[in-house]
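Asks: build the 3D model from these lines:
(one chain, ligands or ions: 1)
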Amino acid sequence: MHKLQCTQCGTTYSGKSGAYQCAQCGSGLTISYDYQKIAEQLTRSELASGATGLWKYRKLLPVEDGADVVTLNEGGTRLHKCDRIAQSVGLDDLYVKDETGNPTGTYKDRPASVGVTVAQLMGAKIVAIASDGNAAPSVAAYAAKAGLQCFTFMPETTPLERLIQVQMYGAPVITLDGSVNECIDLVEKGRQLYGWHHMSTAGPVNPYQREGSKTIAYEICEQLEWQVPEWVAAPVGGGGLLAALWQGFIELKTLGLIDRLPRMLAAQAAGCAPLVRAFKAGDPPSKIRRWEHPNTVATTIEVPFPLDGAMALEAVRDSGGTAVDVEDHEILAMTRQLSSTEGILVEPTGAASMAAVAKAKKAGTVGNGMIVSVATGTGLKTLSLFASLWGMGKRRNAVKPEDTDVAAEHNHAKLEIEREVLTWAQSIHPSAAIVHL
Ligand SMILES: [Zn+2]
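Replies: Presented below is the predicted three-dimensional model:
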């Protein structure tokens, strides 16, 4: 039901070919479907009656009916209304699409499920992936489920939890003193030498994975009972997520399931913002330049050259959207705000899009319409980073928060109560100490 087409020379390939790249020119491929036929079969009521999760959208995924899929029950994630942040930012209708609830704690489980399924159907024995910390654990987990050997390549700055997570799924980690782009280049060389199936979530090396990520757009519309948000915000590292979301919304409109499209807000860290720079300069998508000396606390979007950046920039422009860069201190403040006022613990990248929403609201770029911000992954995988940033976990005999932006939100009344409770505990157990900030 699907076919592949080269993004450069236009050569088409059948879905059964299992092609990763164009055999004529080596460029990336995009996937399309028989939308007319799908529109006859896929209705709102049929979707409402089906099971939740990624594979309920199977008609819009590049795997034929009846074929076995590699799944850990990914997708079907929560959509939270965030009234406290909405109020502090001055918005009326704000949601977080909470991808932390996926099996390995990130939206990357969606592309991994699709990518590993296709690889297995093609008879893969070994898969390999370059990642800055979220996609590698995902692919390692799905490879484990499928019984495939997996190699992972990550920058040496990757937080420790992610390196451990990959090893727990049974895959070795090879780290490099380089960016994720160098890791992808290395896997591509390994593919040519060893015949690995390349699972990096970048369209030019693997066209199947974007199909998994686009299901986030389907779920957002379904969960909003087919209302379309005014804006959808997503962090941009390689650009694949934002491009996939846009593709998902376009497909829903093509199928007649929604009647209009949202505007896309691309969020990048100010320390690595090649797409925002191109957007602000009015550069064409083909002219996005590599970012020199990237440096941000949001390591999963520290991607110097976004391989899907052209597609993401087109999505921003075509949708009448915008691109916003946010400083590390803004990202971290929003990380704390999401966890301490909404109960959503995300990695810094997961807060970057919300920080960008707040900044865009302040600048008057976004209005009061409904906004959905995608939170990419769980903060449970960056606890060591939080501890190193804020000195968390140190026991103290007195209530004495550090003088940080974060401490500022800890108001005087709360501190008084904490002091009282600690003093009470110490009156019974003199060894009592408080672990605070
Ligand atoms: Zn081609």
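Asks: what are the ranges of the helices in the stretch 201-350 of the chain?
Replies: Listed from the start of the chain, the stretch 201-350 of the chain has helices (DSSP state H, counting those that start in this stretch) covering 209-213, 215-223, 240-254, 274-281, 309-318, 328-342, 348-362.
Asks: and the gap between M354 and A360?
Replies: Computed as C-beta to C-beta, to the nearest Å, the M354 to A360 distance reads 11 Å. Quick note: C-beta positions are derived from backbone N, CA and C, even for glycine.
Asks: number of residues surrounding Q426?
Replies: 15 (other C-beta atoms under 10 Å).
Asks: in a helix, it, correct?
Replies: Yes - the assignment for Q426 by DSSP: H, G, I helix; E, B strand; the rest coil puts it in a helix.
Asks: and it, what does it touch?
Replies: N397, A432 (C-beta atoms under 8 Å, 6 or more residues apart in numbering).
Asks: quick one: closest of the helices of the stretch 201-350 of the chain to G133.
Replies: Across the helices of the stretch 201-350 of the chain, G133 has its closest neighbour in helix 348-362 (9.1 Å, C-beta to C-beta).
Asks: check which residues of that closest one are buried.
Replies: Residues 348-361 are the ones in helix 348-362 that count as buried (16 or more other C-beta atoms under 10 Å).
Asks: could you dump the residues you listed to TSV with distance to E219 and pLDDT?
Replies: Listed next are the buried residues of helix 348-362 as TSV, based on distance: C-beta to C-beta, whole Å; pLDDT from 0 to 100:
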residue	distance to E219	pLDDT
P348	23	96
T349	20	96
G350	17	95
A351	20	97
A352	21	98
S353	16	98
M354	18	98
A355	23	98
A356	21	98
V357	19	98
A358	24	98
K359	26	98
A360	23	98
K361	24	98
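Asks: make a markdown table from those and add distance to the ion to it.
Replies: Shown next, in a markdown table, are these (distance: C-beta to the ion, whole Å):
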| residue | distance to the ion |
| --- | --- |
| P348 | 37 |
| T349 | 32 |
| G350 | 35 |
| A351 | 38 |
| A352 | 34 |
| S353 | 33 |
| M354 | 38 |
| A355 | 38 |
| A356 | 35 |
| V357 | 38 |
| A358 | 42 |
| K359 | 39 |
| A360 | 37 |
| K361 | 42 |
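Asks: ok, those residues vs K81, which is closest?
Replies: Of all these, K81 sits closest to M354, with 13.3 Å by C-beta to C-beta.
Asks: check which helix or strand the spatially closest residue to that closest one that is not a sequence neighbour maps to.
Replies: Nearest residue to M354, sequence neighbours excluded (C-beta to C-beta, 6 or more residues apart in numbering): S373, at 4.6 Å. Of the helices and strands defined by DSSP states H and E, S373 is found in strand 371-375.
Asks: and that strand, what does it pack onto?
Replies: Where contact means 3 or more C-beta pairs under 8 Å, 6 or more residues apart in numbering; DSSP states H and E, strand 371-375 is packed against strand 94-98, strand 231-235, helix 348-362.
Asks: got the angle for it vs helix 328-342?
Replies: Strand 371-375 and helix 328-342 are oriented at 100 degrees to each other (axes from the mean of the first three to the mean of the last three C-alpha atoms, to 10 degrees).
Asks: dump strand 371-375 to CSV, keeping only the CA atoms.
Replies: Coordinates of each C-alpha in strand 371-375 appear next as CSV, following Å, rounded to 0.1, in the frame of the first residue of the first chain:
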residue,chain,number,x,y,z
ILE,A,371,-1.0,25.2,21.8
VAL,A,372,0.4,21.7,22.1
SER,A,373,4.0,21.3,23.1
VAL,A,374,5.7,17.9,22.5
ALA,A,375,7.8,16.7,25.5
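Asks: so for that strand, mean pLDDT?
Replies: Averaging pLDDT along strand 371-375 yields 98.
Asks: just after that strand, pick out the following helix or strand.
Replies: Once strand 371-375 ends, the next helix or strand along the chain (criterion: DSSP H and E) is helix 383-390.
Asks: just how off-centre is the helix or strand that comes right after that following helix within its chain?
Replies: Using DSSP H and E, the next helix or strand after helix 383-390 towards the C-terminus is strand 395-396. With C-alpha atoms, centre = their mean, to the nearest Å as the basis, strand 395-396 stands 35 Å off its chain's centre.
Asks: so which residues make contact with strand 395-396?
Replies: A433, I434, V435, H436.
Asks: now stretch 337-347
Replies: 80, 82, 84-85, 88, 96, 98, 100, 134, 298, 300, 335, 350-351, 354, 375-382, 409.
Asks: now the residue in the stretch 201-350 of the chain positioned nearest to the ion. Nearest residue, chain neighbours left out?
Replies: Relative to the ion, the nearest point of the stretch 201-350 of the chain is P204 (11.2 Å; C-beta to the ion). Nearest residue to P204, sequence neighbours excluded (C-beta to C-beta, 6+ apart): G28, at 3.7 Å.
Asks: and for the nearest residue to P285 once chain neighbours are set aside, the neighbour number?
Replies: Nearest residue to P285 in three dimensions, chain neighbours excluded: A310, at 3.7 Å (C-beta to C-beta, 6+ apart). A310 has 21 neighbours, counted by other C-beta under 10 Å.
Asks: with that, I have no additional questions.
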